[in-house]
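Student: What follows is a protein structure lacking sequence information:
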């Protein structure tokens, strides 16, 4: 091989090495850019659809809201999910001390609203009777039943109880739709007032 041919081959080889070096540098830049963009946080925005099994909304160390899963979990000031019996949806709102203070739920007869005091004692319950009418139950701060208001097939009824859980007053209607008032003392003695002679 002559010296001229050798120089030409060397020159072509040097050009090829420079070309491969430039392409390798470009490839490295593209890879670095791809890795950097892949690690970047997504932009905040509005999403058309979000699918997940459970969504936790937190502020600092406090779980504000838990959506999904079972609402009877103990974390979160507001928990939205299914009820423990699997009869429907359930929303629970808690006091900062962790006690539930409001529960909205679906059950076999319809919807229910339960209100609790900050110690976790049930004080008010709004739901359905077995016949499908409405009912409101009011309890003392200790959770003892004091009053029931029920809707019936012929009319509504109000039942009042004393501190020893004895029925002391009933306001309602007889089978003809006439008003009836009944009152008893602590010993169970009393009478019923009905319209008529």
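Tutor: Happy to help now that I have it. Computed from a predicted structure; not experimentally measured.
Student: gap between the residue most central in space within the chain and residue 22?
Tutor: With distances taken as Cα atoms, centre = their mean, the residue of the chain nearest its centroid is residue 80 (1.4 Å). Plainly put, residue 80 is 58 Å away from residue 22 if you go by Cβ to Cβ, to the nearest Å. (C-beta placed from N, C-alpha, C; glycine too.)
Student: go on, residue 179?
Tutor: Where residue 22 is concerned, residue 179 sits at a distance of 100 Å (Cβ to Cβ).
Student: Residue 103 too?
Tutor: Applying Cβ to Cβ to residue 103 and residue 22 gives a distance of 69 Å.
Student: Neighbour count for the two, which is higher?
Tutor: residue 103 (21 against 10; other Cβ atoms under 10 Å).
Student: So the more buried one lies in a strand, does it not?
Tutor: Yes: with DSSP: H, G, I helix; E, B strand; the rest coil as the criterion, residue 103 is part of a strand.
Student: Can you read off the pLDDT for it?
Tutor: Residue 103 is assigned 87 on the pLDDT scale.
Student: Number of residues surrounding residue 113?
Tutor: Using other Cβ under 10 Å: residue 113 sits among 14 other residues.
Student: That one: helix or strand, and which one exactly?
Tutor: strand 110-116 (DSSP states H and E).
Student: Direction included, what does that strand pair up with?
Tutor: Neighbouring strands of strand 110-116 in its sheet, by DSSP bridges, are strand 100-107 (antiparallel), strand 122-128 (antiparallel).
Student: Same list (those) but as a markdown table, adding distance to residue 59.
Tutor: A markdown table is the format used below for the strands paired with strand 110-116 (distance: least, Cβ to Cβ, whole Å):
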| stretch | distance to residue 59 |
| --- | --- |
| strand 100-107 | 19 |
| strand 122-128 | 28 |
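Student: between those, which one is nearest to residue 61?
Tutor: strand 100-107 (20.3 Å; Cβ to Cβ).
Student: Which positions within the closest one qualify as buried?
Tutor: Using 16 or more other Cβ atoms under 10 Å as the test for burial, strand 100-107 gives 100, 101, 103, 104, 105, 106.
Student: The first one contacts residue 78, doesn't it?
Tutor: I take that to be residue 100. No: with contact defined as Cβ atoms under 8 Å, residue 100 does not reach residue 78; the gap is 10.6 Å.
Student: hang on, the earlier thing: is the residue nearest to the centre of the chain in a bridge, and if so with what?
Tutor: Going by DSSP bridges, residue 80 forms beta bridges with residue 67, residue 91.
Student: rewinding a little: overlap in contacts, residue 100 and residue 78.
Tutor: By Cβ atoms under 8 Å, 6 or more residues apart in numbering, residue 100 and residue 78 have these common neighbours: 92, 93, 94.
Student: quick one: which of those has the most company?
Tutor: residue 92 (24 neighbours).
Student: Which stretches in the chain count as helices?
Tutor: For the chain, the helices defined by DSSP state H occupy 3-39.
Student: Lowest average confidence across helices and strands of it, where is it?
Tutor: strand 62-70 (a mean of 68; mean pLDDT, DSSP states H and E).
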